[in-house]
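**Q** Dropping a prediction and its sequence here:
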Protein chains: 2
Amino acid sequence: MATIRDIAKKLGISPGTVSKGLNGASDISEAMRQAVLDAAVELGYKPKNMQNEINPKICIMLENMNYENIDQFGYEIISGFEQAALRKGYNVTIVPMDLRKQTQTKYDTYMLKNGYSGAFLLGFELHDDYVQQLDTTKVPTVLLDNYISGNNYVGYVGTDNYEGIKDLINYLKELGHKNIAFLNGTKNSMITQKRLEAFIQSMNENNLPVNDALIAFGHYITDCAKDYVPGFVKNGATAIVCASDFIASGVIRELHSMGLKIPEDISVTGYDDMPIAQYLNPPLTTIRQDRISLGKSALTLLDDLMHNVSISRIELRPKFIKRDSTDKCKI
Amino acid sequence: MATIRDIAKKLGISPGTVSKGLNGASDISEAMRQAVLDAAVELGYKPKNMQNEINPKICIMLENMNYENIDQFGYEIISGFEQAALRKGYNVTIVPMDLRKQTQTKYDTYMLKNGYSGAFLLGFELHDDYVQQLDTTKVPTVLLDNYISGNNYVGYVGTDNYEGIKDLINYLKELGHKNIAFLNGTKNSMITQKRLEAFIQSMNENNLPVNDALIAFGHYITDCAKDYVPGFVKNGATAIVCASDFIASGVIRELHSMGLKIPEDISVTGYDDMPIAQYLNPPLTTIRQDRISLGKSALTLLDDLMHNVSISRIELRPKFIKRDSTDKCKI
């Protein structure tokens, strides 16, 4: 393992300056501090307080992910993670992240600077700087809903998207639906891609037509519905599968404003089984992701990575929840 | 939950006879006992001693899987599972299984009869009776290397086959090999199928030709090599990728008997990194499966299933191990 002397030698500065850089002393420049930290990461330096295994510091890093109350997607995932972390003696900090901060400090440097021995990342997209740096990171890291190939330090936790979509399509087929539309989430995401593959495969397995005019990428927000729903209806959709309950709530609102009744005129399904799903009018048929277990599994996985067990993937089963937003196809 | 009275009512016998059937008393016929147990399973009866959560009985059930010493594939997997089970207070029994026993007693009935609250299955093939019954079992069950779709009570543990095969093909391509043969394992297995898909995909990604004459299904034993190796050599193979170290050891022996030198004339790779891999002549380039961690992860997964956390999949990363059985392509 690299020492303070190794860092000093590499940069041609004194060990004292290196110490100041590592400890965030105020009498050296920010640029020098950054150079010290980047060199420390490059040489694989690990400070003494991070070698202390009693209460390692880890963080939950979030982007584009609301978590402040139980109606938001991140809330229970974080609760589950924190519960499990507490039991194993980890010291957890929640770190909101944005694109600007990602360009300022490299991922590994950020972790070293703040003394985090591991991290759980939620809400990041594939083109994020930090996600791209995960190909080569040496910081044990768990990603929700994104898979990084070929790096032993990174694992993925999520819910099996294939089974969730398949359950919905099988059920809609049973109800007699043929022209099924799919309003997917944001394009830059692994799960969006997986769910699209699952949609096409499930439609094919059920001998149902896959119609490009009935497939669209929206965003994981309510507002995207109005751009796509009128087109779906015009093109003969009798059911709309949505990639989240929030998208579905927007779809329902849009259908109501068009004077259509749900489920009499058209069926709608959600995804996630957020608390709102049962309070929508009508209550939403959806796929439950067990978010508490996702959080707990993320901690299990991170704990394994921190102890050199290279798990690459933990996947949970989705659960089909039948409510009132789906009914027999009348056409 | 069903009671002894419910079982008695269903079968039209006295509760006393049901008790005798459940407890394996000697004064009722084996046929009656079987009928009682099958009805108990069907009604979801759980005996009081299985509701006792202090030291639940679980089993490791094996078929076609050697595990008695460290040179055999199952040994470390079972060690890892037992270590983790001990720590959680489970009482583990090893149960060798065969095709005949599977036809005698249904899977769920077998578990009830023996008081097992959960099981870890190794070495089973897709067409086995017990694997087919896993579609509907209610006994928490973890399968090594086989995935069951759509049942919350069953989970899969294994090593990412795609990454392992990809690492081998990428490396052989770097060494200049083009005509790469693949001697796969037994056909009736999920991992054999996955590895074949990975082989074809990796060859395509590397712009290498996929030649049907250089692909064969063998078995996971040494002896299968002699049936395929002469054909591979005749058809121009400069490297042979094998689905296990045991297969590779047979391939090496066969190549030697044909007067060929490894790696000078032809490269050979294994899979698993069993202890023999480093003692072969030459020592084998292979893919390590961390078998201790596989066993530990299987227990983690089983423990979660037994506590209603529906994990469907835990996958470990393979590790590329470079030794002396591979070299630059001379042709």
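**A** Noted; the coordinates are in hand.
**Q** Point to the helix or strand of chain A where mean pLDDT is at its lowest.
**A** The weakest-scoring helix or strand in chain A, judged by mean pLDDT, DSSP states H and E, is helix A:48-51 (a mean of 66).
**Q** Send me the helix or strand following it as PDB with only the CA atoms.
**A** For helix A:48-51, the succeeding helix or strand toward the C-terminus, using DSSP states H and E, is strand A:57-62. Only the C-alpha atoms of strand A:57-62 are listed here, as PDB (Å, rounded to 0.1, in the frame of the first residue of the first chain):
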ATOM      1  CA  LYS A  57     -18.000   5.600   6.700                       C
ATOM      2  CA  ILE A  58     -20.100   4.800   3.700                       C
ATOM      3  CA  CYS A  59     -22.500   7.100   1.700                       C
ATOM      4  CA  ILE A  60     -25.700   7.000  -0.200                       C
ATOM      5  CA  MET A  61     -25.300   9.200  -3.300                       C
ATOM      6  CA  LEU A  62     -28.300  10.400  -5.100                       C
END
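**Q** after strand A:57-62 comes which helix or strand?
**A** helix A:73-87.
**Q** now the angle from that next one to strand A:57-62?
**A** 170 degrees (axes from the mean of the first three to the mean of the last three C-alpha atoms, to 10 degrees).
**Q** tell me the SS of the residue lying closest to A:Y147 once chain neighbours are set aside?
**A** Spatially, and ignoring its direct neighbours in sequence, A:Y147 is nearest to A:Y156 (4.4 Å; C-beta to C-beta, 6 or more residues apart in numbering or on different chains). No exception for glycine: its C-beta is placed from N, CA and C like everyone else's. Of the three states, A:Y156 takes strand according to DSSP: H, G, I helix; E, B strand; the rest coil.
**Q** What is the neighbour count of A:Y156?
**A** For A:Y156, the neighbour count with other C-beta atoms under 10 Å in any protein chain shown is 21.
**Q** does the closest residue to chain B within the stretch 151-300 of chain A sit in a helix, a strand or a coil?
**A** Per C-beta to the nearest C-beta, A:S293 is where the stretch 151-300 of chain A lies closest to chain B, at 4.6 Å. Under three-state DSSP, A:S293 falls in the helix class.
**Q** hang on, isn't it packed against B:V309?
**A** Yes - shown here, A:S293 and B:V309 form a contact pair, counting by C-beta atoms under 8 Å, at 4.6 Å.
**Q** Which one of these two is surrounded by more residues?
**A** A:S293 (25 against 21).
**Q** For beta bridges, what are the partners of A:I94?
**A** Beta-bridge partners recorded for A:I94 (DSSP bridges): A:I60.
**Q** Am I right that A:H219 sits in a helix?
**A** No - A:H219 is assigned coil when assessed by three-state DSSP, not a helix.
**Q** Can you give me the neighbour number for A:G44?
**A** 11.
**Q** got any ranges where chain A has weak pLDDT?
**A** Scanning chain A for pLDDT under 70 picks out A:49-53, A:220-222.
**Q** which stretches of it form helices?
**A** Counting by DSSP state H, one finds helices in chain A at the ranges A:4-11, A:15-23, A:30-43, A:48-51, A:73-87, A:99-104, A:107-114, A:129-133, A:161-174, A:190-205, A:225-234, A:245-257, A:291-306.
**Q** Make CSV out of the ones you listed and add distance to B:L172.
**A** Converted to CSV, the helices of chain A look like this (distance: least, C-beta to C-beta, whole Å):
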stretch, distance to B:L172
helix A:4-11, 36
helix A:15-23, 43
helix A:30-43, 31
helix A:48-51, 39
helix A:73-87, 41
helix A:99-104, 37
helix A:107-114, 32
helix A:129-133, 28
helix A:161-174, 31
helix A:190-205, 28
helix A:225-234, 47
helix A:245-257, 45
helix A:291-306, 29
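**Q** Tell me which of these is the most buried.
**A** Comparing these by mean neighbour count (mean count of other C-beta atoms under 10 Å in any protein chain shown), helix A:291-306 comes out on top with a mean of 24.
**Q** Chain B contacts on the stretch 51-200 of chain A?
**A** A:149-150, A:152, A:160, A:163, A:167 (C-beta under 8 Å from any C-beta of the partner chain).
**Q** if you set the cut-off to 10 Å instead, what comes out?
**A** Residues of the stretch 51-200 of chain A lying near chain B by C-beta under 10 Å from any C-beta of the partner chain: A:80, A:147, A:149-160, A:162-163, A:166-167, A:170.
**Q** Would you confirm that A:K194 contacts A:G158?
**A** Yes - between A:K194 and A:G158 there is a contact at 8.7 Å, judged by C-beta atoms under 10 Å.
**Q** any common contacting residues for those two?
**A** A:145, A:147 (C-beta atoms under 10 Å, 6 or more residues apart in numbering or on different chains).
**Q** residue contacts, the nearest residue to A:N179 once chain neighbours are set aside?
**A** Among residues not flanking A:N179 along the chain, A:G236 sits closest, at 4.7 Å (C-beta to C-beta, 6+ apart). Applying C-beta under 10 Å, 6+ apart, one finds that A:G236 lies in contact with A:178-179, A:181, A:211, A:213-214, A:331.
**Q** From the residues you listed, which land in strands?
**A** A:A181 (DSSP state E).
**Q** Among the contacts of A:G236, name the buried ones.
**A** A:178-179, A:181, A:211, A:214 (16 or more other C-beta atoms under 10 Å in any protein chain shown).
**Q** Make CSV from those residues and add distance to A:A225 to it.
**A** Below are the buried ones among the contacts of A:G236 laid out as CSV (distance: C-beta to C-beta, whole Å):
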residue, distance to A:A225
A:K178, 22
A:N179, 18
A:A181, 11
A:N211, 19
A:L214, 14
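**Q** I'd like to know which of those is nearest to A:N64.
**A** Of all those, A:N64 sits closest to A:A181, with 24.9 Å by C-beta to C-beta.
**Q** thought A:N308 was touching B:S293?
**A** Yes - shown here, A:N308 and B:S293 form a contact pair, counting by C-beta under 10 Å, at 8.9 Å.
**Q** Between these two, which contacts overlap?
**A** Joint contacts of A:N308 and B:S293 (C-beta under 10 Å, 6+ apart) do not exist.
**Q** what residues go with each domain of chain A?
**A** Per automatic domain parsing, the structural domains of chain A span A:1-44, A:45-159+A:293-317, A:161-289.
**Q** Now do the contacts for the residue of the stretch 151-300 of chain A closest to chain B.
**A** Neighbours of A:S293 in contact, by C-beta under 10 Å, 6+ apart: A:76-77, A:80, A:84, A:157, A:159, A:300, A:314, A:316-317, B:304, B:307-311.
**Q** so what's in contact with A:S293 and B:V309 at the same time?
**A** A:80, A:300, A:316-317.
**Q** and which of these is nearest chain B?
**A** Among the shared contacts of A:S293 and B:V309, and counting by C-beta to the nearest C-beta, the member closest to chain B is A:R317, at 4.1 Å.
**Q** burial of that closest one, as a residue count?
**A** Neighbours of A:R317 using other C-beta under 10 Å come to 25.
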